[in-house]
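Student: Could you work out the structure for the sequence below:
(2 chains)
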Amino acid sequence: AQKVTQAQTEISVVEKEDVTLDCVYETRDTTYYLFWYKQPPSGELVFLIRRNSFDEQNEISGRYSWNFQKSTSSFNFTITASQVVDSAVYFCALSGGRNTGGFTIFGAGTRLFVKA
Amino acid sequence: NAGVTQTPKFRILKIGQSMTLQCTQDMNHNYMYWYRQDPGMGLKLIYYSVGAGITDKGEVPNGYNVSRSTTEDFPLRLELAAPSQTSVYFCASSYWTGIHQPQHFGDGTRLSIL
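Tutor: Predicted structure coming up:
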């Protein structure tokens, strides 16, 4: 069975601090996909990044970076020099290969508060 | 380009009533999904579809039904509304290009059962 664990329920930081959001997953699929989505206070869901199980390359996009490690089944998300606009709930999600029809499991989310 | 459109945005139902949540997408995506998000929680998959005429159960399908007669539309039906179905419902779509592309979400339907 698939499972996504985001152990941090809430994190509070002061602006300009770095913050890392943890995501640990479980799957028996050899092909799978990992995603991060952002849900700001307005409620919409915004895609941030996708990672394929066969691509462990880490990625950096501006102040955002992602660390994918298959050995520890983790896909962590770091925000460098956080800003108030980063305040949101962040979800990690896992889907299987095509034979699973894109069945997607979301973690419970981490609520990030960035204080000015 | 509207993306994923959900209607209505808000609805209050009485226990035992039925209703259909509408979802349509104009991106020609083959995969569509319905999720519910309870307060302070993550998204739970209710039903999904890999194409017209094909649907399958997600994590929490009880109390719901879906159909997919066209690529664009994926309505969610509540037959006998119960207070436990009070939630925010999100519809999403995606497609495969040899890999699973990210899901595009609608703005959600906030449903209260009283």
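
Student: okay, CA-based contacts and neighbour counts for the rest of this
Tutor: Noted.

Student: which bits of chain A sit near chain B?
Tutor: By the rule CA under 8 Å from any CA of the partner chain, the part of chain A lying against chain B is A:33, A:35, A:43-47, A:50, A:52, A:91, A:97-98, A:101-109.

Student: Which ones among those residues map onto strands?
Tutor: Counting by DSSP state E, the residues of chain A next to chain B place A:33, A:35, A:46, A:47, A:50, A:52, A:91, A:104, A:105, A:106 in strands.

Student: what's the nearest residue to the fourth one if we skip its chain neighbours?
Tutor: In other words, residue A:47. residue A:37 (4.5 Å; CA to CA, 6 or more residues apart in numbering or on different chains).

Student: Mark which of the residues of chain A next to chain B are buried, thanks.
Tutor: A:33, A:35, A:45-47, A:50, A:52, A:91, A:97, A:101-109 (16 or more other CA atoms under 10 Å in any protein chain shown).

Student: Residue 96 - how many residues pack around it?
Tutor: Defaulting to chain A. 23 (other CA atoms under 10 Å in any protein chain shown).

Student: I was after chain B.
Tutor: 15.

Student: Could you pull up the residues touching it?
Tutor: A:98, B:30 (CA atoms under 8 Å, 6 or more residues apart in numbering or on different chains).

Student: So in terms of bridging, what pairs with it?
Tutor: Beta bridges link residue B:96 to residue B:100 when assigned by DSSP bridges.

Student: Over to residue A:11?
Tutor: Beta-bridge partners, per DSSP bridges, of residue A:11: residue A:112.

Student: Tell me who's in contact with it.
Tutor: A:110, A:111, A:112, A:113.

Student: Counting neighbours, which of those residues comes out on top?
Tutor: residue A:110 (24 neighbours).

Student: Starting from the helix or strand containing residue A:94, tell me which strands it pairs with and how they run.
Tutor: Using DSSP states H and E, residue A:94 maps to strand A:88-96. According to DSSP bridges, strand A:88-96 has the following sheet partners: strand A:32-39 (antiparallel), strand A:104-106 (antiparallel), strand A:110-115 (antiparallel).

Student: can you put those in CSV and add distance to residue B:86 and mean pLDDT?
Tutor: Formatted as CSV, these follow (distance: least, CA to CA, whole Å; pLDDT from 0 to 100):
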stretch, distance to residue B:86, mean pLDDT
strand A:32-39, 20, 95
strand A:104-106, 19, 93
strand A:110-115, 22, 98
